[in-house]
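> Structure for this input, please:
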Amino acid sequence: MSYESVDPYPLHESTHPLGVDDWELYRVRKMKMRWLDKQTKKAIVYNDYLTLSDIPAEANEHMLGSRSGLEWLIDRYQVRTDKDSGIVNDPNDWCREHDGPRYIIDLVKRVTRVSVETIRIVDRCPNCPYEPLPCAAQERADRVRRRATTVTLLRSSRCAQ
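You can find the predicted model right below:
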């Protein structure tokens, strides 16, 4: 399944368009897409005009390496200029290539959907054996380990097909 084909998660969009067109309303700027609150991670300030909120906790529990999918998006979907070459990497170009100013907004919503659904699937899987860690965060570590093992097993079974 392609993440671009799933239905976007119904995040709440708070807009303050101030008379701008859709291309400007949905434009990502350098270092502007960020968490409203880094502790709760329930809302993303997309730009000066738009905030996405009601992000479920599960969206930040699905880790891709050291970060969640949403954290990867926030880090990567910024306008950047390479210091050496001067080449500008503008993720807004993807919006134009897909002929829609909402492409990145919908991508955030789709990554949220995939993350939430992945966590729901993994949580339904039986516990896998492990060695307990001597720490206060045992419950969290158990859940992370179970999910990582399940994702690995799911990937292995797909490769065997």
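
> okay, now the closest residue to Arg67 other than its chain neighbours: neighbour count?
Distances taken as Cβ to Cβ, 6 or more residues apart in numbering put Asp75 closest to Arg67, at 7.3 Å, once the chain neighbours are dropped. Quick note: C-beta positions are derived from backbone N, CA and C, even for glycine. A total of 10 residues lie near Asp75 under the criterion other Cβ atoms under 10 Å.

> residue ranges for the helices of this structure, please.
Here the chain has its helices, by DSSP state H, at 22-25, 58-61, 69-76, 92-97, 103-124, 138-160.

> for the record, mean pLDDT for the second one?
So that's helix 58-61. For helix 58-61, mean pLDDT rounds to 91.

> I'd like the distance from it to the chain centre, please.
Centroid separation for helix 58-61 versus its chain: 9 Å, with Cα atoms, centre = their mean, to the nearest Å.

> Surely Glu4 touches Arg110?
Yes. The criterion here is Cβ atoms under 8 Å, and Glu4 meets it with Arg110 at 6.5 Å.

> Neighbour count: these two, which is higher?
Between Glu4 and Arg110, counting by other Cβ under 10 Å, Arg110 is the more crowded of the two (19 against 12).

> Gln39 versus the more buried one, what's the distance?
Taking Cβ to Cβ, to the nearest Å as the measure, Arg110 falls 25 Å from Gln39.

> cool, Asp99 as well?
Counting by Cβ to Cβ, the gap between Asp99 and Gln39 amounts to 38 Å.

> okay, and the helix or strand of this protein with the least pLDDT?
Least confident element among the helices and strands of the chain, by mean pLDDT, DSSP states H and E: helix 138-160 (a mean of 61).
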